[in-house]
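> Just a sequence and a predicted model for now, questions to come.
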Amino acid sequence: MSIEELIQRGSIHPFEATRGEIEKAMGIARRDLALAEKLVGENFDWCFSIACNAVLQACRAYMFHSGYRPASAEAHKAAFEFMEIVVEAPLKRSISSVA
C-alpha cells in the first residue's frame, strides 16, 4: 500500500492544514490522553476508548502536517493505514495490529 493508492481509493485527500488545525488535533490528543490516565484505575473500558481517540487525533495531526486528511468514510482505518506507510519499520507491526 502507498499514499498514492490511499488517494486513488478515496481513503485520504491532499489537504493544506493550518497550524491551528494541527494544534487543535494535538490538543485533543493531549487532553484525551490525560483523561485516560486519570480513568485507568476507575473504568478501564472508558480509559481504553479515550486513549484510542488520543492516538487517532495524534495520527490526524501528523496527517495534517504531512499534507493529507482522512476521508470521512472509514476515517479511523484510513488514518492507521496512512501511519503504517509513513512510520519507520520497527513501528509498523504495532500499527498493523490496530488497523
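Sure, I can see it.
> Let me know the pLDDT of the residue nearest the centre of the chain.
Nearest to the geometric centre of the chain sits Cys59, at 2.5 Å (Cα atoms, centre = their mean). On pLDDT, Cys59 comes in at 94.
> for Ile85, same thing?
Listed pLDDT for Ile85 reads 92.
> For stretch 5-16, measure first residue to last.
Stretch 5-16 has an end-to-end distance of 19 Å (Cα to Cα, to the nearest Å).
> How about Pro70, nearest residue that isn't a chain neighbour?
Leaving aside its chain neighbours, Pro70 sits nearest to Ala78 (3.9 Å; criterion: Cβ to Cβ, 6 or more residues apart in numbering). Glycine gets a C-beta too; all of them are placed from N, C-alpha and C.
> At which residues are the helices of this structure located?
3-9, 19-39, 44-66, 75-86, 89-98 (DSSP state H).
> most remote residue from this protein's center?
Here the chain reaches farthest from its C-alpha mean at Glu42, the gap being 25.4 Å by Cα atoms, centre = their mean.
> Tell me the spacing between that residue and Glu4.
Between Glu42 and Glu4 the computed distance is 45 Å (Cβ to Cβ, to the nearest Å).
> How about Leu56?
Counting by Cβ to Cβ, the gap from Leu56 to Glu4 is 23 Å.
> So these two - more neighbours on which side?
Remark: of Leu56 and Glu4, Leu56 carries more neighbours, 21 against 9, as counted by other Cβ atoms under 10 Å.
> Hmm, Ala79 and the more buried one touching each other?
Yes: the pair Leu56 / Ala79 is scored as a contact, 5.9 Å apart, by Cβ atoms under 8 Å.
> the bottom helix or strand of the chain by mean pLDDT?
When each helix and strand of the chain is scored by mean pLDDT, DSSP states H and E, helix 89-98 comes last, with a mean of 62.
> residues contacting Thr18?
If a contact means Cβ atoms under 8 Å, 6 or more residues apart in numbering, then Thr18 has no contacts.
> Begin at 178 from now on, thanks
With the count now opening at 178, the last piece we talked about shows up as Thr195.
> Just the pLDDT for it.
Looking at Thr195, its pLDDT reads 96.
> Many thanks, we can stop here.
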